[in-house]
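> One predicted model, sequence on top.
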Amino acid sequence: MTGDCTATGLLPALHAGAARIEVAGERLAGGELAAAVGGVAREVSGARRVAVTAHPELSTLVAVAGVLAAGAAAVPLTPAAGPAEREHILRDARVDLVLDRPALVRRGDPPPDPPPDGEPALILYTSGSTGPPKGAVIPRRAIAANLDALAGLWRWTPEDHLVHALPFSHVHGLVFGGLGPLRLGCSLTHTGHCLRAVPGGTLYFGVPALWGSLGAADLAELRAARLLVSGADVLPRRVAERVHHHCGHHVLNRYAMTETLVIASPRAEDTRVPVDPRSVGRPLPGTRVRLAPHGAEPGIGDGAEPRAGCGGSRAGAGAGERAEAGGEILVRGDGLFSGYLGRGPATGPGGWFATGDLGEWLPDGTLRVTGRAHTDLIKSGGYRVGAGEVEDALLDHPGVAEAAVLGLPDDRLGQRVAAWVVTGGRLDRAELTAFLAARLAPYKLPQEIHTVEALPRNALGKVLKRRLAAERRS
């Protein structure tokens, strides 16, 4: 694979009849799968944008592949979306039609020839810090380049058997977990809402909340796997250690966004030895990363050329550019989206996209994501406090199972550090305070700690910190 899908199509394994897909017990493979995709392509012929309700079913992948084969852009809809959100997406994307559980035709012609690789493949709606969700336009060439880069890093081949239980309405489940097998030719088993071991499974995708929820017996069944991959949120050290203890695997922790696809990842061989769970590896081939002071104009900051020993690999193979004290993560490269539908350019000078994430280069030259700038950079009493550092300290305490930290408005400090923790039982507050004081500077210590039964999370398991703040205000 080269990342250029003009000649071979975005999904060459599908066109070649080599794809094998099973979702919720329903299977299609080879010519039958190609015929089903071709049937959808004929149904939507002439459409420019087609919404697909992304149920955890085989028909969803067939529908998305059929829309792409017809040369249209697919607009995934979360099945649980409320009427207002759904109406906003349909209106904003100006879709021509909606597919919801289309009938699967198992006999017929294969999909038509693929369209040019510069055309949009997906319009994925993602919520920002303000306003309604925006449609990120993902071109075909970005998906092709990103999947091919991952295939090289993860040694992902047609001999692999991918297993996951991720929703098809998000990048992780749809692009990497759905279109990946249709491009690379490996088999796929989607296990519904809960991840489980599957005979012959070699590659498993999950999110931190999912890895943390698996029992010891479930994890032991994953010993025969080749690679476990985590994404969508920070992988807590305790979860990583528990997974390794029960199944012998060091989880590969990668970093991605809807607008950028995968930005950075370890290599498969990096997981053979203990790894820093805070690390998300190095930038992908064809991707460049730099760190700049938060709020600086994209492309302005710490210098544009990589320096020896500063993180990232050689130029042209995924280069990292280091800022001395970390900063906002800026990205440019092959996997970048085209922009937000109906809005102006999303990149700054030089094609840099400001992710809104904060990061730092670790001593081994890999990247660590420390949080979101608007929720995880706390300005308290003239000091800058990273929520991720405080969360790490909390999670080091044996009585804390989960933690979330953010800044709340404070008349004296500007913001005060507040923490929410999930415990395995009773927690001695005084002992926890002393524990944190031995690890954090005084200005980083939480001024308030709330004990909760669970942290609010989205469909991918990411903590919804704004909801915590809203509940605190009410």
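Yep, that arrived.

> how about His374, phi and psi?
With angles defined as degrees, to the nearest 10, His374 sits at phi -80, psi -20.

> right, I mislabeled it, should have said Ala63
Dihedral angles (degrees, to the nearest 10) for Ala63: phi -60, psi -50.

> what's the neighbour count on it?
For Ala63, the number of neighbouring residues by other Cβ atoms under 10 Å comes to 30. To be clear about C-beta, it is placed using only N, CA and C from the backbone, and glycine gets the same treatment.

> For Pro139, see how far away it is.
According to Cβ to Cβ, to the nearest Å, Ala63 stands 20 Å off from Pro139.

> give the contact list for the residue lying closest to His172 once chain neighbours are set aside.
With Cβ to Cβ, 6 or more residues apart in numbering as the criterion, His172 has its nearest non-adjacent residue at 5.1 Å, and that residue is Leu166. If you count contacts by Cβ atoms under 8 Å, 6 or more residues apart in numbering, Leu166 has them with His172, Gly173, Gly177, Phe205, Gly206, Val207, Leu460.

> Can you name the helix or strand that Leu166 falls in?
Using DSSP states H and E, Leu166 falls within no helix or strand.

> May I have the residues that are in contact with Asp92?
Tyr125, Pro132, Gly135, Leu341, Gly342.

> Can you tell me which of those is closest to Arg278?
Tyr125 (29.8 Å; Cβ to Cβ).

> The closest one and Leu90 touch, don't they?
No. Using Cβ atoms under 8 Å as the test, Tyr125 is too far from Leu90 to be in contact (10.4 Å).

> which one of the two has more residues nearby?
Comparing Tyr125 with Leu90 by other Cβ under 10 Å, the one with more neighbours is Tyr125, at 23 against 15.

> OK, contacts around the more buried one?
Contacts of Tyr125 (Cβ under 8 Å, 6+ apart): Val75, Ile89, Asp92, Ala93, Pro133, Lys134, Gly135, Ala136.

> quick one: it and Thr53, what's the gap?
Counting by Cβ to Cβ - Tyr125 and Thr53 are separated by 13 Å.

> which intervals of the stretch 101-250 of the chain have sub-threshold pLDDT?
113, 128-131 (pLDDT under 70).

> quick one: the strands in it?
120-126, 134-139, 161-164, 187-190, 203-206, 227-230 (DSSP state E, counting those that start in this stretch).

> Output the fourth one as CSV, nothing but the C-alphas.
Written as CSV, here are the backbone C-alpha positions of strand 187-190 (Å, rounded to 0.1, in the frame of the first residue of the first chain):
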residue,chain,number,x,y,z
SER,A,187,-10.8,-10.6,8.8
LEU,A,188,-13.0,-8.6,11.3
THR,A,189,-15.2,-9.8,14.1
HIS,A,190,-17.2,-7.1,15.9
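
> which residues are contacting it?
Counting by Cβ under 8 Å, 6+ apart, 20-24, 56, 160-165, 177-178, 181, 198, 201 sit against strand 187-190.

> PyMOL command for the buried members of these?
To isolate the buried ones among these in PyMOL, judged by 16 or more other Cβ atoms under 10 Å, type:
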select buried, resi 20+21+22+23+56+160+161+162+163+164+165+177+178+181+198+201
